[in-house]
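1. Fold the following and give me the result.
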Amino acid sequence: MDRETFHNCCSLVEMPRQIHQQHCSSHFIQYIEREIAYSKFFKNYLIPNQPCMFSKKFTEDWNCRKKWVTADGKPNLQRLLQEFDESPVPVANCSAKEYNSNPKQIMPFKEFIQYWREYIQNGHSSPRGCLYLKDWHMQRNFPEHNTYKTPIYFSSDWLNEYWDTIEVDDYRTPFHADVFRSYSWSANICGRKKWLLYPPGQEEFLRDCHGNLAYDVTAPVLQDKGLYPQFEEACQPLEIIQEAGEIIFVPSGWHHQVYNLEDTISINHNWLNGCNLDIMWQFLQEELSSVQREIEEWRDTMDSWHQHCQVIMKSCTGIDFGEFASFLKTISNNRMSFLNSCPRNADNIQDHLAESLFALGPQHVAFDLQRVLHIFESMLSNEDFKRLEPSALSFKPEELLQEIREAVRTIV
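-> Below you'll find the model as predicted:
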């Protein structure tokens, strides 16, 4: 990130998010044919939270595109079987509905390949339903394969950075928005997909009379005004066809529904950084408020009511206020350690993280710290955060804030 981009983007730190969000705007997304400067992607897509599509040129050197695809553009099932054979993989049944998702099971990779072959031979149908291998952390389990390289535009990935630090698994489809309102990117290795995207806020028109989000936004039942009273107010979704080799960037809070138009292999990542940190913090506050409303009747009968709300929120979203604070502490500590050491020799943080921070530059590190600083200041004024038990935090936020301020001053 250059200095001009840093100063321009820092001016947005305290800007209300809705000012630079668009709703029901154009019905097309920009197509990025060849390499652009990281600062341009940062200013044009990350900060304004706008989707885009990258051409197949960005994936043409990936090993997976060379090895996993046949000459006629189909999945090379035999090669995949040779590479992964007995590996256990998570498989969802897209023909079944479990709450607002699909039931999953773990099966050997070779069993899934056998199913896939039979599914194709039977005209893309099976008595077992439509099975879909998803949320498999293949790159983590098989790093020696060097399957792909994350484009620099997506390299500021705080979720994986945090989970790598604490050595916890990561989060890698019915209608939904991504975990923690994160960004996502999805690369088609082969095959084609159709995406239906709704800008943030439009999902409120796609809820039934009980407040539940639609499972399928194309289902005829949404035309029933008694069940979906606000459906007619929703804008038409952004409809995108993603070809083989292309990468789509899906911004924070954009609900989407995806269809495989043919046999498809794709690589997907959820990621979060300083650009959408405020959206995550807003999401967590809304989730906690929702929990509080649900159990309001027990508020006066439980001494630990506020702590129970945090526990319930974590069971629903995967994180509570205390862990969110620890997440921010990890991110800020990594950047301050990087600034205090020789960039190529930051022994106290992971090698790949040091390389990523070095590539993005000190101005990007300063931007990250500014964003953490802003969210921490907001958290300290939040009444629910103030109610956390002392054991919920392993550090003093006020002291960390002072460290961050001093670190930022050394850069800017």
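2. Hmm, Ile120 and Asp263 touching each other?
-> Yes: taking contacts as Cβ atoms under 8 Å, Asp263 lies within contact range of Ile120: 6.6 Å. For the C-beta atoms, the positions are set from N, CA and C on the backbone; glycine is no exception.
3. Could you grab the helix/strand/coil label for the residue positioned nearest the centre of the chain?
-> Nearest to the geometric centre of the chain sits Asn270, at 2.7 Å (Cα atoms, centre = their mean). Following DSSP: H, G, I helix; E, B strand; the rest coil, the label given to Asn270 is strand.
4. which one is it nearest to, not counting chain neighbours?
-> Ser182 (4.4 Å; Cβ to Cβ, 6 or more residues apart in numbering).
5. Ok, Leu328 next?
-> Excluding its sequence neighbours, the residue lying closest to Leu328 (Cβ to Cβ, 6+ apart) is Val372, at 5.1 Å.
6. ok, back up a step: so how far is Leu373 from the residue nearest to Asn270?
-> For Ser182, the distance to Leu373 equals 21 Å [Cβ to Cβ, to the nearest Å].
7. Am I right that Val258 falls within a strand?
-> Yes: under three-state DSSP, Val258 falls within a strand.
8. Just the pLDDT at it, thanks.
-> Val258 carries a pLDDT value of 92.
9. Test my guess that it contacts Leu197.
-> No: if you go by Cβ under 8 Å, Val258 and Leu197 don't touch, sitting 9.4 Å apart.
10. Now name the helix or strand holding the residue nearest to Leu328.
-> helix 362-380 (DSSP states H and E).
11. Have a look at Ser182 and Leu373 and say which one is more surrounded.
-> The neighbour count for Ser182 versus Leu373, taken as other Cβ atoms under 10 Å, is higher for Ser182 (24 against 19).
12. Trp116 versus the more buried one, what's the distance?
-> Computed with Cβ to Cβ, the distance linking Ser182 and Trp116 is 29 Å.
13. repeat for Pro75
-> 8 Å.
14. hang on, the earlier thing: so the residue nearest to Leu328 makes contact with Asp278?
-> No: the pair Val372 / Asp278 is not scored as a contact, 10.9 Å apart, by Cβ under 8 Å.
15. Would you enumerate the residues in contact with Ser326?
-> Ser326 sits next to Leu393, Ser394 when contact means Cβ atoms under 8 Å, 6 or more residues apart in numbering.
16. any idea how far it lies from Asn334?
-> For Ser326, the distance to Asn334 - Cβ to Cβ - is 13 Å.
17. Map the structural domains onto the sequence of this protein.
-> As assigned by automatic domain parsing, the chain contains the domains 25-62+170-272, 63-147, 277-409.
18. quick one: secondary structure of Leu196?
-> For Leu196, the assignment made with three-state DSSP gives strand.
19. Distance check, it against Trp163.
-> For Leu196, the distance to Trp163 (Cβ to Cβ) stands at 29 Å.
20. again with Gln242
-> 27 Å.
21. quick one, strands of the stretch 51-200 of the chain?
-> Counting by DSSP state E, counting those that start in this stretch, the stretch 51-200 of the chain has strands at residues 52-54, 88-93, 104-108, 131-133, 183-190, 193-198.
22. Tell me which helix or strand in the chain has the weakest average pLDDT.
-> None of the helices or strands of the chain scores lower by mean pLDDT, DSSP states H and E than helix 3-10, at a mean of 58.
23. ok, then the element right after that helix?
-> strand 30-32.
24. what comes up buried for that following strand?
-> By 16 or more other Cβ atoms under 10 Å, the buried positions in strand 30-32 come out as Ile32.
25. go on, stretch 116-132?
-> For stretch 116-132, burial by neighbour count (16+ other Cβ under 10 Å) applies to Trp116, Tyr119, Ser126, Gly129, Leu131, Tyr132.
26. more crowded one of Gln242 and Trp163?
-> Under the neighbour definition other Cβ under 10 Å, Gln242 and Trp163 were set side by side, and Gln242 has more, 21 against 17.
27. Bridged to that one, which residues?
-> Lys193 (DSSP bridges).
28. I'd assumed Arg192 was in contact with it.
-> Yes: under the criterion of Cβ under 8 Å, Gln242 makes contact with Arg192 at 6.5 Å.
29. what about Lys149, distance to Ile247?
-> The spacing between Lys149 and Ile247, counted by Cβ to Cβ, is 12 Å.
30. before we move on, what about Asn146?
-> As judged by Cβ to Cβ, Asn146 and Ile247 stand 18 Å apart.
31. what's the answer for Cys94, then?
-> Taken as Cβ to Cβ, the span from Cys94 to Ile247 is 23 Å.
32. More neighbours: which of these two?
-> Ranked by neighbour count (other Cβ under 10 Å), Cys94 and Ile247 place Ile247 first, with 22 against 16.
33. Tell me which residues touch the more buried one, please.
-> Met53, Phe54, Phe58, Thr59, Pro151, Trp185, Ser186, Ala187, Asn188 are the contacts of Ile247 under Cβ under 8 Å, 6+ apart.
34. Greatest separation within the residues you listed: which pair is it?
-> Using Cβ to Cβ, those span at most 14.2 Å, a distance reached by Pro151 and Asn188.
35. what about the two, which has more around it?
-> Legend: neighbour count by other Cβ under 10 Å for Pro151 and Asn188, higher for Asn188 (22 against 17).
36. which residues of the protein fall in helices?
-> For the chain, helices defined by DSSP state H occupy the ranges 3-10, 38-41, 63-67, 77-84, 109-121, 138-141, 158-166, 277-294, 305-317, 321-339, 351-360, 362-380, 383-386, 397-409.
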